[in-house]
Structure formats: structure tokens, C-alpha cells
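**Q** Okay, here's the prediction I keep looking at, along with the sequence it came from:
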Amino acid sequence: MRRVITYGTFDLLHYGHINLLRRAKALGDYLVVALSTDDFNWNQKRKKCYFSYEQRKALLESIRYVDLVIPEENWEQKRTDIHEYHIDTFVMGDDWEGKFDFLKEEGAEVVYLPRTPEISTTQIKSDLGVVKKD
């Protein structure tokens, strides 16, 4: 069984997220999603989420492509997650291209998938006037 992992905040879930999850699942048999906790989002990413961790987790668990949702509590846990969950493939959006190549040393294939170009949570928040666009 090939195990795949991806990481993210997945706030204001949209079809770009679904596309990522569908394509990640297609790379294996079992998809683990490491979901950023509220503390991690605020303290390390400086992101405020609309939905709480538990709400975002419930949304992800209802998606057929997702087999397991785990908490992402810090940047460093990726190495240990690869081993703890017996991960074969690590997947991120291509906006992170090259940033996680070091995980190849842990025995995982690293894949950067193209983002769905016309949609992002930042764009949604900007369009709604929730955040200023850079």
C-alpha cells in the first residue's frame, strides 16, 4: 500500500483544495492530511482562520479522498511524520517548490502539484474584504 501525506490549513475549503486532495490521493492508496492547528497557524504562520481546527478537521474527514487527518503542530514534524505514518510520497502545492526536497533523505518521494490557478483562500478573503491583498 502506497501512503501519501500533504499538509495545509484548509480554511474556507474550496475546489482548489479538493483538486489538490484528489490529485494527492491518485498518487497512492492512503492519504494522510496534516492539518495546521489553530496555535500553529497563529503563533508560527501568523494566520487567523475563519474555521477552528475541529471544524476544518470535520470538513476534511468528510472528503472521500482523505483517509486520516492528523494535527500539524510545527514546521519540524514532517521528518517524523514520514516515519511514523510510513509515508511513501510527500505532496505539496508548487508554490512550495524545492522547500521540502530534504524529505527525500527520509526515503519519501517529494511531489509538488500545480495549484488551481484561479482560486485561493487568500483571494477569497481579499474578494470579501476580509484581508488586504499584498
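**A** Nice, I can see it.
**Q** Could I get the contacting residues of K47?
**A** Contact partners of K47, counting by CB atoms under 8 Å, 6 or more residues apart in numbering, are 9, 11, 36, 41. (Each C-beta comes from the backbone N, C-alpha and C, glycine too.)
**Q** now, which of those residues lie within helices?
**A** Mapping the contacts of K47 onto helices (DSSP state H) picks out N41.
**Q** for the contacts of K47, which one is nearest Y50?
**A** D11 (5.5 Å; CB to CB).
**Q** ok, how many other residues are close to that closest one?
**A** Applying other CB atoms under 10 Å, we find 24 other residues in the vicinity of D11.
**Q** Among the contacts of K47, which are located in strands?
**A** Among the contacts of K47, the members falling in strands (DSSP state E) are S36.
**Q** As JSON lines, the contacts of K47 with distance to Y50 and pLDDT would be great.
**A** Formatted as JSON lines, those follow (distance: CB to CB, whole Å; pLDDT from 0 to 100):
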{"residue": "T9", "distance to Y50": "10", "pLDDT": "93"}
{"residue": "D11", "distance to Y50": "6", "pLDDT": "90"}
{"residue": "S36", "distance to Y50": "13", "pLDDT": "96"}
{"residue": "N41", "distance to Y50": "11", "pLDDT": "90"}
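**Q** could I get the contacts of K47 as JSON lines with distance to K78?
**A** JSON lines is the format used below for those (distance: CB to CB, whole Å):
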{"residue": "T9", "distance to K78": "15"}
{"residue": "D11", "distance to K78": "20"}
{"residue": "S36", "distance to K78": "12"}
{"residue": "N41", "distance to K78": "16"}
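**Q** now the nearest residue to F40 once chain neighbours are set aside: how far from E54?
**A** Nearest non-adjacent residue to F40, counting by CB to CB, 6 or more residues apart in numbering: E73, 5.3 Å away. Distance of E73 to E54, computed by CB to CB, to the nearest Å: 15 Å.
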